[in-house]
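Q: Take a look and give me a structure for this.
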Amino acid sequence: MEPQNSDRREPRRRPTYTIRRIKPSDFSEVAAILAKSMKDDDLYTAVFPRREEHYDISLDGFLRLTKERYWTPGCVMYVAVTAPDGDNCSHIEKIVGHASWKRTGTSPAAQIWTSENEGGWNGLQLSLCRTQDSLARYFQPNKTIVEKPPPSPQFDDNFPSSIFPELWYLATLAVDPEYRGQGIDKLLAQRGIHHAVEENVPLGLESSARGRKLYDKMGFKLFKTTVIGEMAVPVMVWEPPRPSVETEKAREWQGMNGTTQIYTRYP
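A: As a prediction, the model looks like this:
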């Protein structure tokens with residue numbers, strides 16, 4: 001009988017992550033991840049070439065952007081966080097990634113998402129965010145740019161409502177550089193795909209060179225090429241699979257019976 005090796009160690013477990021909705025207490029961490037992640041992003045570099053020289057300005061801009069999106073009707077924001085390892089009761093959650101989606105359209109499903117951020121208090125918060133942003137831009141000129149950047153294509157230029165009356169649009173996806181290569185970006189993108197399949201609407205995004213490989217693997221297709229600054233940027237679309245005959249019949253039955261809430265949702 002061989003003696004037991006007292007120095008034998010358990011194999012190190014691969015860290016796991018989970019996705020949840022963003023909270024106001026997450027704003028600072030999310031802004032820091034955006035600022036770090038965009039340091040080597042080709043699109044961001046083209047527009048803000050001096051971002052590393054003025055990191056504090058970049059960080060402050062991302063913080064204002066995160067707050068404004070949080071209060072904007074139709075914006076749906078998620079964070080990727082470290083999950084507890086087994087029975088580790090002392091686990092401290094760490095945010096390692098972020099995705100910001102925008103749901104457009106006039107369908108009942110779109111209106112459900114839009115109604116989340118409607119109302120007096122939300123409207124007031126959004127107005128305050130936009131006022132703060134305007135004041136910051138006036139009193140603190142953006143030193144991360146060399147000259148005034150050329151106007152970027154608007155959302156409607158890339159995703160015209162005549163072609164995409166209903167859409168889930170991925171405005172931002174960022175992963176902490178220290179946690180790249182662990183599938184976190186895919187987890188964040190899959191959350192949007194879940195909603196798109198559930199509501200039977202397409203997804204749209206403008207891809208950086210770094211993200212193109214992931215989106216190709218996930219089934220996104222090139223819709224068109226736009227230009228930001230002097231850079232050609234792929235505009236990509238993901239189409240949900242065609243629903244089965246049984247699914248279509250179920251939806252018709254629900255409509256005939258007056259059921260309007262036919263979508264389930266992640267919290």
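Q: So which residue is smack in the middle of the protein?
A: Ranked by distance to the mean C-alpha position of the chain (Cα atoms, centre = their mean), the top residue is residue 99 at 2.1 Å.
Q: Give the closest residue to that one in space, chain neighbours not counted.
A: Distances taken as Cβ to Cβ, 6 or more residues apart in numbering place residue 188 nearest to residue 99, at 3.9 Å, with adjacent residues excluded. (Each C-beta comes from the backbone N, C-alpha and C, glycine too.)
Q: list the contacts for that neighbour?
A: With contact set as Cβ atoms under 8 Å, 6 or more residues apart in numbering, residue 188 has these partners: 19, 78, 80, 97, 98, 99, 173, 175.
Q: what's the pLDDT at the fifth one?
A: On the pLDDT scale, residue 98 is placed at 97.
Q: cool, and residue 129?
A: 79.
Q: At which residues are the strands of the protein located?
A: 17-21, 75-82, 95-104, 167-175, 203-206, 221-228, 231-238 (DSSP state E).
Q: Report the mean per-residue pLDDT for the second one.
A: Within the predicted structure, the mean pLDDT of strand 75-82 is 96.
Q: so what strands line up beside that strand?
A: In the sheet, strand 75-82 lines up against strand 17-21 (antiparallel), strand 95-104 (antiparallel) (DSSP bridges).
Q: Take these and lay them out in JSON lines including distance to residue 240.
A: Below are the strands paired with strand 75-82 laid out as JSON lines (distance: least, Cβ to Cβ, whole Å):
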{"stretch": "strand 17-21", "distance to residue 240": "19"}
{"stretch": "strand 95-104", "distance to residue 240": "14"}
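Q: Spell out the residue ranges of the helices in the stretch 101-250 of the chain.
A: 108-115, 120-139, 155-158, 184-199, 209-217, 245-256 (DSSP state H, counting those that start in this stretch).
Q: Going by neighbour count, list what's buried in the fourth one.
A: Of the residues in helix 184-199, those with enough neighbours to count as buried (16 or more other Cβ atoms under 10 Å) are 184, 185, 187, 188, 189, 191, 192, 193, 195, 196, 199.
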